[in-house]
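# Quick one, structure for this:
(one chain, ligands or ions: 2)
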Amino acid sequence: DVTARINPSILSADFVNMERDLNRIQTADYVHVDVMDNHFVPNLTFGPQMVGRVQDVSPIPLDVHLMISDVDRWGPGYAELGAFSVTFHVEAATDPVAVARAIRDRGARAGLALKPGTPVEPYLELLPEFDQVLVMTVEPGFGGQSFMPETMPKLRLLREQVRRLGVDTWLQVDGGIALDTIAIAAEAGADTFVAGSAVYGADDPERAIAGLREAATS
Ligand code: DX5
Ligand code: ZN
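Numbers count the residues shown, from 1 in each chain. Ligands and ions are numbered 1, 2, ... in the order given. The predicted structure follows:
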């Protein structure tokens with residue numbers, strides 16, 4: 001009933017050839033930008049200055065994934081940079097609904113992310129407040145990890161709730177998504193797929209995107 005969105009993660013791109021690597025994924029739906037602060041996760045990537053430049057030069061809109069502490073304070077600023085969506089971790093938010101509203105007020109879609117060990121039940125009633133829910137399929141922090149199938153029951157619950165409420169919340173998965181795992185996530189209810197190493201680790205990123213798209217819809 002939904003088409004698969006494929007969002008390559010530039011965490012697996014070459015950071016000193018970022019513009020070139022953005023232009024290697026022109027058939028993607030959105031560019032996934034992993035913001036890490038070396039506090040919420042044990043890794044460090046980009047801040048607002050870099051995200052703003054990526055926004056300036058990217059031919060496709062940005063899907064920003066914040067893996068940072070204190071998103072109540074720092075999250076809404078990423079929406080002001082012009083991102084298509086800003087997704088933050090519920091574990092890092094004091095008032096997730098207020099953060100989502102601040103992101104929407106600044107013109108971006110608001111996403112809620114859940115680490116693998118975070119239950120989804122407390123948030124099912126809040127679905128209308130979010131344009132996207134990201135079910136992490138690895139522990140956040142690094143690319144190239146293995147897909148965790150034990151997270152799939154959360155997607156099933158979310159898909160059921162989306163249907164029940166009649167909302168259009170996108171359901172995203174991130175971590176270990178490749179040709180052999182994407183169909184598992186699609187079957188469980190995901191419609192939006194982040195892939196880092198599976199796209200940038202391939203000789204031909206555009207072909208990798210096409211392959212993932214097909215594997216998700218077949
Ligand atoms: C991990 C990041 C992911 C990462 C996925 O914390 O949120 O977006 O880039 O990389 P792969 O697809 O290689 O698992
Ligand atoms: Zn991510």
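# Next, work out how far apart residue 66 and residue 147 are.
Per C-beta to C-beta, to the nearest Å, residue 66 is found 22 Å from residue 147. (C-beta placed from N, C-alpha, C; glycine too.)
# ok, the two, which is more surrounded?
residue 66 (26 against 19; other C-beta atoms under 10 Å).
# Who are the contact partners of that one?
By C-beta atoms under 8 Å, 6 or more residues apart in numbering, the contact set of residue 66 is 35, 74-75, 78, 86-89, 92, 113.
# Where does it fall, secondary structure wise?
strand 62-67 (DSSP states H and E).
# distance between that strand and the chain's centre?
Centroid separation for strand 62-67 versus its chain: 6 Å, with C-alpha atoms, centre = their mean, to the nearest Å.
# what do you get for stretch 87-101?
That offset, for stretch 87-101, works out to 15 Å (C-alpha atoms, centre = their mean).
# Between the two ends of that stretch, how far is it?
Distance between the two ends of stretch 87-101: 12 Å, counting by C-alpha to C-alpha, to the nearest Å.
# and what of stretch 63-77?
Stretch 63-77 has an end-to-end distance of 14 Å (C-alpha to C-alpha).
# Dig out what the closest residue to ligand 2 within the chain forms beta bridges with.
Across the chain, no residue is closer to ligand 2 than residue 65, which sits at 3.7 Å (C-beta to the ion). Beta-bridge pairing for residue 65 (DSSP bridges): residue 34, residue 87.
# my guess is it meets residue 31, correct?
No - Residue 65 lies out of contact with residue 31 (C-beta atoms under 8 Å); the separation is 10.7 Å.
# Could I get the full set of strands for the protein?
Counting by DSSP state E, the chain has strands at residues 5-8, 31-36, 62-67, 85-89, 109-114, 132-136, 170-174, 192-195.
# re earlier: could you tell me the average pLDDT over the strand holding residue 66, please?
Per-residue pLDDT over strand 62-67 has a mean of 98.
# swap in stretch 76-88?
Computed over stretch 76-88, the average pLDDT equals 98.
# Give me the distance between that stretch and the centre of its chain.
12 Å.
# Residues contacting that stretch, please?
With contact meaning C-beta under 8 Å, 6+ apart, stretch 76-88 is reached by 30, 33, 35, 48, 51-52, 55, 61-66, 68, 71, 75, 96, 99, 102-113, 131-132, 134, 172.
# which bits of this protein sit near ligand 1?
9, 11-12, 32, 34, 65, 138, 140-145, 174-177, 194-198 (C-beta under 6 Å from any ligand atom).
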